[in-house]
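**Q** Next input, structure requested:
(one chain, ligands or ions: 3)
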Amino acid sequence: MKPLLLKGVRPYGEGEPIDLLIRDGVIASQNDLAQHGDNAEIIEGNGAIVLPGFVDLHTHLREPGREDTETIETGSRAAALGGYTAVFAMANTDPVADNAVIVEHVASRGREVGLVDVHPVGAVTVGLKGEKLAELGTMAKSKANVRVFSDDGLCVHDPLIMRRALEYSKSLNAVIAQHAEEPRLTIGAQAHEGENASRLGLQGWPAAAEESIVARDCILAKQVDARLHVCHVSTTGTADVLKWAKARGTKVSAEVTPHHLILTDDRLSTYDPVNKVNPPLRTQQDVDALRQALADGTIDCVATDHAPHAIQDKDCEWSAARPGMLGLQTALGIVVETMVRTGLLDWRGVARVMSERPAEIAGLTDQGRPIEVGEPANLVLVDPDATWTVNGAELASVSGNTPFEGMELPGAVTATILRGRVTALRQMIVDRRIAE
Ligand SMILES: NC(=O)N[C@@H](CC(=O)O)C(=O)O
Ligand SMILES: [Zn+2]
Ligand SMILES: [Zn+2]
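**A** Ligands and ions are numbered 1, 2, ... in the order given. Modelled structure (predicted):
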């Protein structure tokens, strides 16, 4: 592979533009730059910001089972275009990723596509049924090397099963990622329990259904001294519980989705199911609290919860529609809009919440690394001044269910680099099979 020269780029958006040489998949020294800079392939940075490649702890790739809505290949393309160099593929596929065969298949298909590191998440319970623990150890020891387990889509609601899962995960040096939703409190739920749901006649999904599970799980995790990760935090109260749990030394981490950082249940008045998601869009007060919690570290990171759905599962009446929305290609724009433009995060902060913390939480040693000589070249180039308009039909996903249709977003990914190889360049996918 030819060396790659990033000309005129600004690590973390700081200081004057510099030239960065990448050789053999790692960031090379000034010496190497002098020696090999001349025969390198060049990307003109024009002052672009360079950050560690983004890591998404929460992606639904839908393969196996629903390849009509997304595949490992199309999801990988969306990820590369969104600036991601690693994604965690949730286990709620069909069949469920609750055994070594499935997780190894997902990992190997991800490697074959080669556009982003695809790490399978293993299910916590057999068939996501919440009754019997899946073989966490076998998945951990498999070639897929699973270190994140989740029944996402469903909550591990039985406290005894949750406690056992936490105990096992501790011995495997893994983390349990919980979809916090007390099922008894959300039977038939369609929207955030509040004024809008009442007015529109939609069954409510109370904040307490999330907060009570997060509180319970934090207490369990503390008791067994295991690591808990809270998926898609959506309420002010959850942020309060996390603050309390962290203060007493609980090994808990948490993520927030881009959509919960910007959208509210005011969107529901159109009855357009593109806005239906689990947990539901909440209030402006929650949005503000989530932004603050992300800025101050109470919430560790941003995760997309990229959830592609078929037209027939979205273009239907509200109650019949499936919850979930696309996220991989719009995440950066939403983070820039809600966190950078508001002054809540600088670019170092963006690197922290979109790359460094998620890599640490999942135990990845080759992602979310500092931009320094000798480090693996998993990088993203961002043009902070560019804007673009979201068009669902143009996104790389098979599905087009984006709630950001027609929105102008700030900040564009100009290049994504995985171990020194360009995977996306100015909105174009760079396919390894063509590039090499
Ligand atoms: N977020 C969603 O609304 N849907 C997700 C499941 C989940 O993340 O809970 C899906 O798989 O479609
Ligand atoms: Zn979920
Ligand atoms: Zn999810």
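**Q** Secondary structure element holding residue 241?
**A** Per DSSP states H and E: residue 241 is located in helix 236-247.
**Q** Okay, now the sheet partners of the very next helix or strand once past that helix, with direction.
**A** Going down the chain from helix 236-247, the next helix or strand is strand 252-256, by DSSP H and E. Applying DSSP bridges, strand 252-256 is found paired with strand 228-230 (parallel), strand 301-302 (parallel).
**Q** tell me the average confidence for the last one?
**A** The predicted model gives strand 301-302 an average pLDDT of 99.
**Q** Next secondary structure after it?
**A** Sequence-wise, the next helix or strand downstream of strand 301-302 (DSSP H and E) is helix 311-314.
**Q** How far off centre is that following helix?
**A** Centroid separation for helix 311-314 versus its chain: 23 Å, with CA atoms, centre = their mean, to the nearest Å.
**Q** ok, now which ones touch the closest residue to ligand 1 within the stretch 101-250 of the chain?
**A** Residue nearest to ligand 1 within the stretch 101-250 of the chain (CB to the nearest ligand atom): residue 153, separated by 3.9 Å. The way it works is simple: take the backbone N, C-alpha and C, and place the C-beta from them, glycine included. By CB atoms under 8 Å, 6 or more residues apart in numbering, the residues touching residue 153 are 90, 92, 128, 179, 278.
**Q** returning to that earlier point: need the contact partners of the helix holding residue 241.
**A** Residues outside helix 236-247 that contact it (CB under 8 Å, 6+ apart): 180, 207-208, 210-211, 214-215, 218, 221-222, 230, 233, 252, 254, 285-286, 289-290, 292-293, 298-299.
**Q** Pull out the buried members of those.
**A** 180, 207, 210-211, 214-215, 218, 221-222, 230, 233, 252, 254, 286, 289-290, 293, 298-299 (16 or more other CB atoms under 10 Å).
**Q** Please list the members of those that lie in strands.
**A** 230, 252, 254 (DSSP state E).
**Q** Contact residues of the stretch 251-400 of the chain facing ligand 1?
**A** Within the stretch 251-400 of the chain, the residues that sit near ligand 1 (CB under 6 Å from any ligand atom) are 277-278, 305, 307, 322-324.
**Q** so which pair among the residues you listed is furthest apart in space?
**A** Pairwise distances across these peak at 13.1 Å for 305 and 322 (criterion: CB to CB).
**Q** Tell me which of these two has more neighbours.
**A** residue 305 (29 against 17; other CB atoms under 10 Å).
**Q** Angles on the backbone of the more buried one, please.
**A** phi 50, psi 40 (degrees, to the nearest 10).
**Q** Is stretch 207-215 in proximity to ligand 1?
**A** No - Stretch 207-215 lies apart from ligand 1 when judged by CB under 6 Å from any ligand atom; the minimum separation is 11.5 Å.
**Q** repeat for stretch 112-122
**A** No - judged by CB under 6 Å from any ligand atom, stretch 112-122 makes no contact with ligand 1; its nearest approach is 11.2 Å.
**Q** buried sites along that stretch?
**A** Residues 113-122 are the ones in stretch 112-122 that count as buried (16+ other CB under 10 Å).
**Q** With stretch 402-422 instead?
**A** Counting neighbours by 16+ other CB under 10 Å, stretch 402-422 gives 402-405, 407, 409-422 as buried.
**Q** check whether it contacts ligand 1.
**A** No - Stretch 402-422 lies out of reach of ligand 1 by CB under 6 Å from any ligand atom, never closer than 11.5 Å.
**Q** ok, the ones in strands among the buried ones among the contacts of helix 236-247 vs ligand 3, which is closest?
**A** Distance to ligand 3 across those (CB to the ion) is lowest for residue 230, with 12.4 Å.
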